[in-house]
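*Asks:* return atomic coordinates for the entry below.
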Amino acid sequence: MADLSGGSEPVPVALWPPGEAPPVFQYSPESVAGADGELEPNAVTFPGCPCRRSCQPPECPCLPRGHSYSGPCLRLPERQQQPLCSPVFECNSLCRCGPRCQNRLVQRGLRRRLQVFRTPRKGWGVRALEPVPRGAFVCEYAGEVLGFAEAQRRIRAQSAQEPNYIIAVREHLHDGRLMETFVDPTRVGNVGRFLNHSCEPNLFMVPVRVDSMVPKLALFAATDISAGEELSYDYSGGSHHVPGAGREHKPLEEENSSRKPCYCGSRTCAAFLPWDSSLFSTPASSPQSFNLKHT
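*Replies:* Model (predicted):
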């Protein structure tokens, strides 16, 4: 079976049906610096922890809020009502704890067997080829990390018929500032670029930091996922646990003409894909929002 990643992932990324393939792009298992050169996502700027054995809070500086992971899963409350979690900092390349540390998960890359497949109405999509438990890391949304000006230039240059892969993530810093991350997997990206939107998604996104403040946009299972089930997340940053949570602003009537229909088929389908006006106006209106209170 063909491997979409070309051997660059720890496990192959399958394709279906045989003989078909998505438009050509450069596969990269992790994000890279964009053409504007404004941000270097793989630069090492965090100091390493001094832990010799297992990292434990509060001694380990990489675990400011306690353990983030329980084995291969994000540590979530039993009755989590909103999968927006505390900031996640993994141990990095300067840490002494070693590669087997439990606080290294997203940086290890893809571990679940996934398949990129042709859908009836949504173009290409991604489905799980094995059961995925709630809270498990599924994949990263990787691509070119851009500055605001380049992201805005690219989105404005797109025609209405072209698919938009650019994601804008906004985080609130403890001092009131906003940190924005723009990732574009159109030319360079990974399996995450094929994930479709759903108004009742089974994945949620968490910014995970490893070596620097440029986050990895990690997707985790919001619920137990069966083998063969299509994977999806809410492009606006909402959650299927809280209907409408994190939804984008209500668009103006003139914006509806440029919005694309949603074919997720969920009971709460909003009829249109989320509208992100941030790249058409100012960076302060980005809808995908997270709280980052400890940096």
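*Asks:* okay, now the unreliable bits of this structure?
*Replies:* Low-confidence segments of the chain (pLDDT under 70): 79-85, 238-258, 275-295.
*Asks:* the strands in the stretch 51-200 of the chain, which residues?
*Replies:* 69-70, 73-74, 88-89, 114-118, 124-128, 137-140, 144-146, 167-172, 178-184, 188-189, 196-197 (DSSP state E, counting those that start in this stretch).
*Asks:* could I get the ones you listed as JSON lines with mean neighbour count?
*Replies:* In short, each C-beta sits where N, CA and C put it, glycine included. Below are these laid out as JSON lines (neighbours: other C-beta atoms under 10 Å):
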{"stretch": "strand 69-70", "mean neighbour count": "15"}
{"stretch": "strand 73-74", "mean neighbour count": "20"}
{"stretch": "strand 88-89", "mean neighbour count": "24"}
{"stretch": "strand 114-118", "mean neighbour count": "20"}
{"stretch": "strand 124-128", "mean neighbour count": "20"}
{"stretch": "strand 137-140", "mean neighbour count": "24"}
{"stretch": "strand 144-146", "mean neighbour count": "25"}
{"stretch": "strand 167-172", "mean neighbour count": "20"}
{"stretch": "strand 178-184", "mean neighbour count": "21"}
{"stretch": "strand 188-189", "mean neighbour count": "22"}
{"stretch": "strand 196-197", "mean neighbour count": "20"}
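*Asks:* L231 is nearest to which of those strands?
*Replies:* Among these, the nearest to L231 by C-beta to C-beta is strand 124-128 (4.8 Å).
*Asks:* and the closest one, how far from the chain's centre?
*Replies:* Centre-to-centre, strand 124-128 and its host chain are 15 Å apart (C-alpha atoms, centre = their mean, to the nearest Å).
*Asks:* could you do stretch 207-218 as well?
*Replies:* 10 Å.
*Asks:* run a quick neighbour tally on the residue found closest to I225 once you drop the neighbours it is linked to in the chain.
*Replies:* Closest residue to I225 apart from its sequence neighbours, by C-beta to C-beta, 6 or more residues apart in numbering: V132 at 4.0 Å. Neighbour count for V132, taken as other C-beta atoms under 10 Å: 25.
*Asks:* i'd like the first residue to be 39 from this point on
*Replies:* Got it, the first residue is 39 from now on, which makes the last one we talked about V170.
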